[in-house]
Every structure is written in C-alpha cells, then in structure tokens.
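Novice: okay, here's the prediction I keep looking at, along with the sequence it came from:
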Amino acid sequence: MANVRDLKKDINYVLGDIIEAAYVWEYANKGKDTKKTEAIVDEAITTFDELITKVNDRSVENKKAHFKSVNAELETKGRALIEKINALD
C-alpha cells in the first residue's frame with residue numbers, strides 16, 4: 001500500500017465504477033424494475049462511507065495491517081456488488 005491517499009482513491013474509483021455499472025444496466029434495460037439496482041447503489045454508498053471511516057480512524061496501532069484489511073474488505077465487498085450486478089435479469 002503506497003499511502004492513504006491512494007487507498008481512498010481506490011475506494012472511490014471501485015465503488016464509483018460499481019454505481020456507474022448499475023446505472024448503465026438501468027439505462028440498457030428500460031422498463032424493468034429498478035429496485036434491485038437502487039439497492040445495489042445504496043449498498044455501494046454505505047460501503048464507501050464505512051471504508052472511508054475506517055481509513056480515517058486514527059486510533060489504530062498497526063496502520064499497515066489496518067490499511068491492508070481495509071483494502072481486502074474493499075475487494076471482498078466490491079466483488080460481491082459486481083456479482084449482484086451481473087445477476088440482474
């Protein structure tokens with residue numbers, strides 16, 4: 001992990017791309033129910049808020065391990081959201 005700024009950018013880009021993919025699906029599938037994509041967007045925003053809060057936590061003793069765990073959590077939650085988008089019908 002290079003630095004905190006890069007981790008914050010990664011969080012922003014990954015979750016921003018997921019939100020964009022949800023909106024692209026909505027646009028490509030006009031007339032279909034959008035409740036599932038709205039739930040995915042809400043979950044992505046909640047995940048963003050949680051991860052940024054964890055990154056900004058200054059009471060962590062081992063920062064390197066903490067940031068690695070935040071990065072791993074981003075990857076896990078990001079993959080789960082992508083799978084939800086791919087499963088939309």
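Specialist: Everything's here; your move.

Novice: point me to the helix or strand that includes Lys30.
Specialist: Using DSSP states H and E, Lys30 maps to neither a helix nor a strand.

Novice: could you measure from it over to Leu81?
Specialist: Distance, Lys30 to Leu81, by C-beta to C-beta, to the nearest Å: 22 Å. C-beta: built from backbone N, CA, C; applies to glycine.

Novice: neighbour count winner among the two?
Specialist: Using other C-beta atoms under 10 Å, the more surrounded residue of Lys30 and Leu81 is Leu81, with 22 against 7.

Novice: which residue is the nearest non-sequential neighbour of the more buried one?
Specialist: Ile18 (4.9 Å; C-beta to C-beta, 6 or more residues apart in numbering).

Novice: show me what contacts that neighbour?
Specialist: Residues near Ile18 by C-beta atoms under 8 Å, 6 or more residues apart in numbering: 40, 44, 78, 81-82, 85.

Novice: pretty sure Val44 is touching Glu20, no?
Specialist: One thing to correct before we go on: residue 44 is Ala, not Val. No - judged on C-beta atoms under 8 Å, Ala44 makes no contact with Glu20 at a distance of 9.9 Å.

Novice: show me which of the two is the more surrounded one.
Specialist: Taking other C-beta under 10 Å, Ala44 and Glu20 do not tie; Ala44 has more neighbours (24 against 12).

Novice: can you tell me how far the spatially most central residue of the chain sits from Lys84?
Specialist: Centroid check for the chain by C-alpha atoms, centre = their mean gives Leu15 as the closest residue, at 3.4 Å. Distance of Leu15 to Lys84, given as C-beta to C-beta: 13 Å.

Novice: ok, Ala44 next?
Specialist: 10 Å.

Novice: where does pLDDT dip in this structure?
Specialist: Where the chain drops to pLDDT under 70, the residues are 1-2.
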